[in-house]
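Student: fold the following for me, if possible:
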Amino acid sequence: MGKSHSISQNKEKCKIFQEQSCQTDEITLSYQKIAPTKDWETFLPENEGIVIKLQAIWRGSIARKTFRTPKDSHNKSVDKKGNSDPKYFKSEDESETIQKGKVYNFDQPRVIKKYTYKSGAVYEGEWKGGFRDGIGTQKWPDGATYEGSWRFNKAEGKGKFTHADGDIYEGDWANDKANGFGVYNRNNEATYHGHWKNDLQDGKGIERWTDNSEHEGEYQKGKKHGYGVHKWNDGSIYEGQWEDNKMCGVGIYKFFDGRKYRGEWKDNNMEGHGFYIWRDGKKYQGQYKDDKKHGYGIHKWADGRTYEGSWALGKQHGLGRYLCSGTVKYGLWEEGARIKWFNQQEVKRIKNGDDSWFKQNWNQDLLLLSNKRVAFGMTEGVKKSLEKVAIKIGKMDQL
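Tutor: As a prediction, this is how the structure comes out:
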């Protein structure tokens with residue numbers, strides 16, 4: 001087969017597919033044409049040179065869409081220092097119509113009257129003694145309005161709050177806050193149908209945007225948290241775990257162009273262990289960090305060619321082996337380029353833990369060559385982690 005190359009020779013740019021960053025608006029996949037070599041050494045056919053434009057909205061900023069809740073607008077005002085004070089449903093308004101020390105008879109029938117508070121807010125509706133109680137409407141000087149049920153001076157039951165800017169919340173209330181099930185319409189730009197707790201999305205709900213993207217899943221304290229399915233208007237879908245409004249945990253991402261990633265996530269990035277497949281049949285299984293192949297991984301082409309070995313920041317980096325048509329070659333890669341094929345004696349020494357060659361000839365961080373005794377093959381730890389991930393995503397893999 002081919003002769004072994006020494007490190008003093010030119011590095012052969014025999015590059016494997018490099019995972020795209022997914023951090024920029026346009027992603028160029030680095031399929032670079034290479035000089036003619038023997039077929040079994042060629043990692044990529046020349047006709048695979050393509051450029052794919054990934055919309056920046058595939059995830060990231062859109063996945064972290066903030067959804068304004070009543071806490072942001074109908075019940076709180078925040079100054080430049082971040083301090084918040086009640087904007088509506090003020091305690092001063094509640095106490096204004098109640099006489100201290102007076103005993104009220106709540107068995108008496110309700111009466112209807114109109115009252116203007118010192119704050120400028122106007123209430124018109126049912127009263128019991130000095131308490132708003134029953135059905136009534138309150139309007140604030142800025143144009144905001146609450147129409148609905150009241151109980152002992154607080155919004156309680158079913159009600160509709162119309163914000164000064166046109167946003168509307170309609171649903172269940174308790175203690176002057178959205179509590180229970182309700183629908184929030186953000187000025188005809190987005191809607192949320194679901195559960196609330198103390199003015200925050202909490203429980204199961206569905207967000208929909210006018211660009212036809214949507215999110216259905218669990219919320220906690222106003223953020224996507226737990227299991228959820230997010231659909232983008234380009235056809236991309238993520239199904240899996242969320243934490244603090246970010247894809248985090250185990251999930252499946254189906255790209256608009258047919259690619260699919262099934263595995264672990266952290267802060268909206270592929271991180272941990274996962275499985276990646278392309279529409280043309282290419283497959284990768286292994287470790288990821290910050291959206292890039294990093295650690296140990298196996299990349300297999302549709303025609304059966306396979307690279308197994310170390311990766312760093314999306315490129316082959318460290319020990320690896322290349323399999324093609326029954327032939328197995330062991331080599332060393334640096335930042336995506338193969339710099340050496342090992343002979344049988346060198347392979348045996350490396351498998352036995354001899355790292356003298358690396359210390360003498362390779363200046364890269366030896367930590368990237370962790371566990372050299374099994375570096376040419378998948379470690380038991382990586383294998384078990386991939387098996388665990390596969391079990392977790394088994395029930396979700398219906399996309």
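Student: now do the helices in this protein.
Tutor: For the chain, applying DSSP state H gives helices covering 70-73, 91-96, 344-351, 356-361, 380-394.
Student: among the ones you listed, which is nearest Glu308?
Tutor: Ranking the helices of the chain by distance to Glu308, with Cβ to Cβ as the measure, places helix 380-394 first at 11.0 Å. The C-beta positions use only the backbone N, C-alpha and C, and glycine is treated the same way.
Student: which secondary structure elements does that closest one sit against?
Tutor: strand 246-254, strand 260-266, strand 269-277, strand 283-289 (3 or more Cβ pairs under 8 Å, 6 or more residues apart in numbering; DSSP states H and E).
Student: would you reformat the ones you listed as JSON lines and include mean pLDDT and distance to Ser385?
Tutor: Below are the helices and strands packed on helix 380-394 laid out as JSON lines (pLDDT from 0 to 100; distance: least, Cβ to Cβ, whole Å):
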{"stretch": "strand 246-254", "mean pLDDT": "96", "distance to Ser385": "11"}
{"stretch": "strand 260-266", "mean pLDDT": "96", "distance to Ser385": "9"}
{"stretch": "strand 269-277", "mean pLDDT": "96", "distance to Ser385": "5"}
{"stretch": "strand 283-289", "mean pLDDT": "95", "distance to Ser385": "8"}
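Student: reformat these as CSV; add distance to Ile98 and mean neighbour count.
Tutor: Shown next, in CSV, are the helices and strands packed on helix 380-394 (distance: least, Cβ to Cβ, whole Å; neighbours: other Cβ atoms under 10 Å):
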stretch, distance to Ile98, mean neighbour count
strand 246-254, 46, 21
strand 260-266, 52, 22
strand 269-277, 54, 21
strand 283-289, 60, 21
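Student: now those in CSV, with distance to Cys324?
Tutor: Listed next are the helices and strands packed on helix 380-394 as CSV, based on distance: least, Cβ to Cβ, whole Å:
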stretch, distance to Cys324
strand 246-254, 30
strand 260-266, 25
strand 269-277, 20
strand 283-289, 16
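Student: if we can go back for a sec, and the helices of the chain: which comes nearest Val328?
Tutor: Taking Cβ to Cβ, helix 344-351 is the member of these nearest to Val328, at 9.7 Å.
Student: got the CA coordinates for that closest one in PDB?
Tutor: C-alpha atoms of helix 344-351 as PDB (Å, rounded to 0.1, in the frame of the first residue of the first chain):
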ATOM      1  CA  GLN A 344       3.200  -2.100  12.400                       C
ATOM      2  CA  GLN A 345       6.000  -1.800  14.900                       C
ATOM      3  CA  GLU A 346       5.100   1.700  15.800                       C
ATOM      4  CA  VAL A 347       1.400   0.800  16.200                       C
ATOM      5  CA  LYS A 348       2.300  -2.000  18.600                       C
ATOM      6  CA  ARG A 349       4.500   0.300  20.600                       C
ATOM      7  CA  ILE A 350       1.700   2.900  20.800                       C
ATOM      8  CA  LYS A 351      -0.900   0.400  21.900                       C
END
